[in-house]
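**Student:** what's the 3D shape of this:
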Amino acid sequence: MKNDDVKHDGHRKRLLDLANDVGVDNLSNVQIVEFMLTYIFPRGDVNPLAHRLLDAYGTLSGIFDAEVCDLMTISGINERSAKKIKLLKSLLTACASSRAKTLGKVTKVADIINIVEDMLRHQTTENMVFLSFNKAGRLCGQKRIRAMSQDTVAIPILELTSFLSSTKPTTFVIAHCHPYGEAYPSQADFSAFSLVEKLCFDCGIRLLDSYIVGENGIYSFRENRLVREYYDSELLNRNIAIRG
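**Tutor:** A predicted model of the protein is given here:
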């Protein structure tokens, strides 16, 4: 093994140990991206590439949001590695869906909000989620509707009625996200909520709530307020020069 390989392997081990000891959230932005790249590139020094990616996209989420063709413009990123980076985010979404499917009996509103957050918080286009719960309080069905644009997704009535018919829930939850926007409803959102509420009522189904996931938190139509608030950790942790 070459000396450079030994040095890089040692650095990777230290980075892995650091992430394990303090948590990935407590790493610097460069360390987080570098740690992510160790899963893409099995060997070599990925620190310079981490800097190039952050220079181009600003944050880890910006990197994940970039298209494959854009990532390939960065020196050191080929088509294969660009696709791997893009698919890492899909793996996180798949993990959230898997966790929701294996969730036991839901006894708290927070359990449902956690599912909604897992499935919608990091989406880059408007997505809509249907969640069905049986009379025992267990998740008996879920469906995601993906929009092609960043700022609009219409309620697909045929898909919704088909979903309700097939899952036969006693309780239903619907949620969507506002990527790059706040979690406050528009007039169209209020109209959509009324439409879904009437449909559920006509079908003898309880509409527990409708949620909006945005950059500032999660909004509940039932509560008419944010039920979970987010803070920009990158902004709060940003170094600033304070002059006396």
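**Student:** looking at this, residue 208 is in a strand?
**Tutor:** Yes: counting by DSSP: H, G, I helix; E, B strand; the rest coil, residue 208 falls inside a strand.
**Student:** tally of neighbours for it?
**Tutor:** The tally of other residues near residue 208 (other Cβ atoms under 10 Å) stands at 20. Where C-beta positions appear, they are placed from N, C-alpha and C, glycine not excepted.
**Student:** quick one: it and residue 175 touch, right?
**Tutor:** No: judged on Cβ atoms under 8 Å, residue 208 makes no contact with residue 175 at a distance of 10.7 Å.
**Student:** So the protein: which segments form each domain?
**Tutor:** 3-90, 103-229 (automatic domain parsing).
**Student:** now the longest one: how far from the chain's centre is it?
**Tutor:** It refers to domain 103-229. A distance of 15 Å separates the centroid of the chain from that of domain 103-229, by Cα atoms, centre = their mean, to the nearest Å.
**Student:** on that earlier part again, in TSV: the domains of the chain, plus mean pLDDT.
**Tutor:** Formatted as TSV, the entries for these read as follows, by pLDDT from 0 to 100:
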stretch	mean pLDDT
domain 3-90	86
domain 103-229	88
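**Student:** Do a quick rundown of the strands in the chain.
**Tutor:** 127-133, 139-146, 171-177, 206-214, 217-220, 225-229 (DSSP state E).
**Student:** and those strands as JSON lines, adding distance to residue 191?
**Tutor:** Below are the strands of the chain laid out as JSON lines (distance: least, Cβ to Cβ, whole Å):
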{"stretch": "strand 127-133", "distance to residue 191": "15"}
{"stretch": "strand 139-146", "distance to residue 191": "17"}
{"stretch": "strand 171-177", "distance to residue 191": "13"}
{"stretch": "strand 206-214", "distance to residue 191": "12"}
{"stretch": "strand 217-220", "distance to residue 191": "16"}
{"stretch": "strand 225-229", "distance to residue 191": "20"}
